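Asks: please find the sequence and the predicted model below.
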Amino acid sequence: MTIGLILTVLLFIGGIPIWVALGLGGVILLLTEIAIPTVNIPLTFFNGIDSFTLMAITFFLLAGSIMAFCGPSKYIFDVVNSFFGRRRGGLAVTAVVMCMIYAAITGSGTATLAGVAEISKPEMLKRGYSKTFISSLLAASCTLGQMIPPSIVMIIYGSMVQQDTGILFISGIIPGILSGVVLCVMAWYQSPKIVETEAEAEESRNLYTWKVRRRALLVGAPAYLMPVLVLGGIYAGVVTPTEAGGVAVVYSFIISYFYKKLNWKTFKATMLSTVRSNSMIFILIAGALLFANPLAFAGIPQALTTIIVDLGLSSTTLVLAVAALFLILGMFIDVIPIMYLTLPIVYPALLATGVDLIHFNIVLVLAMQIGMVSPPFGTALYVSTGICDAPIGEVSRGVIKYLIAYIIILAVIIFVPGIATWLPSMMN
């Protein structure tokens, strides 16, 4: 056990890809702790991702790529911007709302960031927003892709703790909207005042008339109604989350053809983006499972549960402790490895102390959101600085205020679980 753990830590420190570090450490643990035949290791690797539920990840990533590369996202932006873009902070608020809508299409924070940045960044630069401001705002806002359904993190969580993914999706609606509203207010407050000449003001008034809004709503209807169709199908019990992902893909292709943006070039870009993102996620899952299985076999989760029960920790105290652990790990490790490393260990303890797994789902997701933008190695932090060509140091300082807001929201949700559980309870 010790050799496998030490090797994994050394590989992490050496900058080896996370899935390689976890996979090699897991192989050593499987060979030394379980004495599994070598020929069974590839089967263990692939069995971890052989899941009908996890297929939803591929479908939603593909749907999001279609929306980004084949045109529909632009029409969603036009609708949102027609209502918010005229006023101070309008484009910043538009970017946040776009992240919320895009989150309801892709389920991925990184995909949300890439899709929204491509459309909103040029417009915000033209209106005088700095690259640092744009990068900080998008890094914080794109994490809503983890909370607002359909969420890839929730799909993985549901498969790990045997919870209904559709119910988990519902639990993210109110916290997701709450987080989005807070970010909109912060974006508006921090945005520079608009200074326009008379000619520019006249042009702006012509761009934001009700005639323009009605036209944007009409033209953009096929695009912005997609989340309603997909999520409505899940909540109505017509389709499972995985089937809803398939529906999203077909619908995205249809409306892309409707908008006359579907061609070989956009199709190729869509497929390449999806393959990259999907491969990264699934190889992380497989590597993390290789590492997590021997830990469970060694009885570490059961030992931790015994300790917690003997200490007499309350469910709230345990949730606070695990949330703190997630926040620390999120500063250094990606979301998926954290889940596969920690959940198999803490899950029995959560059950033993009576923690509501739907409530804990939201705590976990919000902690992962914070980790995505936490210096020094937050994923969204680095992706946003790369897309916006902004200095990482300045962006790291710029996201601090958003991190504080997220931590406050996390504390509120921990102590007021009804924010996460009220809607799911109404479905019973």
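Replies: All right, it came through fine.
Asks: what about the closest residue in space to residue 245 that isn't next to it in sequence, distance to residue 105?
Replies: In space, and not counting its chain neighbours, residue 245 is closest to residue 59: 2.6 Å by CB to CB, 6 or more residues apart in numbering. Glycine gets a C-beta too; all of them are placed from N, C-alpha and C. Distance, residue 59 to residue 105, using CB to CB, to the nearest Å: 11 Å.
Asks: residues in contact with the residue nearest the centre of the chain?
Replies: Centroid-nearest residue in the chain: residue 146, 2.5 Å away (criterion: CA atoms, centre = their mean). Residue 146 is in contact with 103, 108-109, 152-153, 335, 365, 368-369, 372, counting by CB atoms under 8 Å, 6 or more residues apart in numbering.
Asks: can you tell me the SS state at it?
Replies: helix (DSSP: H, G, I helix; E, B strand; the rest coil).
Asks: okay, it: pLDDT?
Replies: Residue 146 carries a pLDDT value of 86.
Asks: what's the distance between it and residue 355?
Replies: For residue 146 relative to residue 355 (CB to CB), the value is 20 Å.
Asks: buried sites along stretch 390-397?
Replies: Neighbour-count burial for stretch 390-397, with 16 or more other CB atoms under 10 Å as criterion, is recorded at 390, 394-396.
Asks: for stretch 77-87, same thing?
Replies: 77-86.
Asks: tell me the one of those nearest residue 120?
Replies: residue 77 (6.8 Å; CB to CB).
Asks: please name the nearest non-neighbouring residue to the closest one.
Replies: Closest to residue 77 by CB to CB, 6+ apart is residue 119, at 4.7 Å.
Asks: do residue 175 as well
Replies: Nearest residue to residue 175, sequence neighbours excluded (CB to CB, 6+ apart): residue 362, at 5.2 Å.
Asks: and the one you found, what does it touch?
Replies: 147, 171-172, 175, 413, 419-420.
Asks: before we move on, what about residue 334?
Replies: Contacts of residue 334 (CB under 8 Å, 6+ apart): 18, 284, 379.
Asks: of these, closest to residue 319?
Replies: The shortest approach to residue 319 among the contacts of residue 334 belongs to residue 379, at 23.9 Å (CB to CB).
Asks: could you report the neighbour count for the closest residue in space to the closest one that isn't next to it in sequence?
Replies: Leaving aside its sequence neighbours, residue 379 sits nearest to residue 372 (CB to CB, 6+ apart; 5.1 Å). If you count neighbours by other CB atoms under 10 Å, residue 372 ends up with 27.
Asks: can you pull the pLDDT of residue 372?
Replies: 84.
Asks: can you check residue 83 too?
Replies: 81.
Asks: adjust the sequence numbering to begin at 708 for everything that follows.
Replies: Sounds good: first residue 708 from here, last item residue 790.
Asks: quick check, it in contact with residue 919.
Replies: No - the pair residue 790 / residue 919 is not scored as a contact, 10.1 Å apart, by CB atoms under 8 Å.
Asks: residue 800 versus residue 788, what's the distance?
Replies: Relative to residue 800, residue 788 is positioned 9 Å away (criterion: CB to CB).
Asks: what is the helix ranked longest in the chain packed up against?
Replies: In the chain, ranked by residue count with DSSP state H as the criterion, the top helix is helix 971-1004. Judged by 3 or more CB pairs under 8 Å, 6 or more residues apart in numbering; DSSP states H and E, the packing partners of helix 971-1004 are helix 725-736, helix 748-754, helix 762-776, helix 816-833, helix 1042-1059.
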